[in-house]
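A.B. asks: Below is the sequence, then the predicted model.
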Amino acid sequence: MTFGTMLFTRFKGERVGEDDQGNVYYQERGTFADWRRQRRWVIYKGEAEATRVPPQWHAWLHKLDEKLPSEPHKPHAWEKPHQPNLTATVAAYRPPGHQLRGGTRARATGDYEAWSPDAGSRTQA
């Protein structure tokens, strides 16, 4: 958390909830003629990783929903547990042919035809 966020949270923030991962949610104190003008933000527990915000809190943060999430999220049978974003880590996905996986790629199988400026050019009248 930056120094500015810490100050803003201390003087203007009102704690409104916490999710199951320990992220704490705030909104700007005061009454507003339109609830969509009120600032809302999250202070992450640990590393700031936006994908760790549950869907119901995401909807509240982005003002898609006026009301706070009332109860903890109960995952559906098809939902998988959260996985952190692995981009730029050693565990990141690297497809075959990626230079960090040897840099060799399978040859084209004949379904690819390279474009040539002279082959089949059409002019519109």
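C.D. replies: Yep, that arrived. Residues are numbered from 1 along each chain as shown.
A.B. asks: residues in contact with residue 55?
C.D. replies: Contacts for residue 55 were tallied using Cβ atoms under 8 Å, 6 or more residues apart in numbering; they are residue 73. Backbone N, C-alpha and C define where each C-beta goes, glycine included.
A.B. asks: As CSV, could you dump the C-alpha coordinates of stretch 82-92?
C.D. replies: What follows is stretch 82-92, C-alpha atoms only, in CSV (Å, rounded to 0.1, in the frame of the first residue of the first chain):
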residue,chain,number,x,y,z
HIS,A,82,-8.0,-19.4,-7.0
GLN,A,83,-4.6,-19.6,-8.7
PRO,A,84,-2.3,-16.6,-8.7
ASN,A,85,-1.3,-14.9,-12.0
LEU,A,86,1.9,-16.7,-13.0
THR,A,87,2.9,-14.3,-15.8
ALA,A,88,6.6,-13.3,-15.6
THR,A,89,7.4,-16.1,-13.2
VAL,A,90,9.3,-19.4,-13.8
ALA,A,91,5.9,-21.2,-13.5
ALA,A,92,4.4,-19.2,-16.4
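A.B. asks: Quick check: mean pLDDT of that stretch?
C.D. replies: Summarised as a single mean, pLDDT over stretch 82-92 is 84.
A.B. asks: Stretch 7-17 now?
C.D. replies: On average, stretch 7-17 scores 93.
A.B. asks: Please apply the same query to stretch 64-77.
C.D. replies: Averaged over stretch 64-77, pLDDT sits at 82.
A.B. asks: ends of it, how far apart?
C.D. replies: Start to finish, the residues bounding stretch 64-77 are 25 Å apart (Cα to Cα, to the nearest Å).
A.B. asks: Same question for stretch 29-47.
C.D. replies: End-to-end distance of stretch 29-47: 26 Å, with Cα to Cα as the criterion.
A.B. asks: quick one: contacts of that stretch?
C.D. replies: By Cβ under 8 Å, 6+ apart, stretch 29-47 touches 1, 5, 9, 12-14, 21-28, 52-53, 57, 60-61, 63, 66, 84.
A.B. asks: Kindly report the same for stretch 103-112.
C.D. replies: Stretch 103-112 has contacts (Cβ under 8 Å, 6+ apart) with 96-97.
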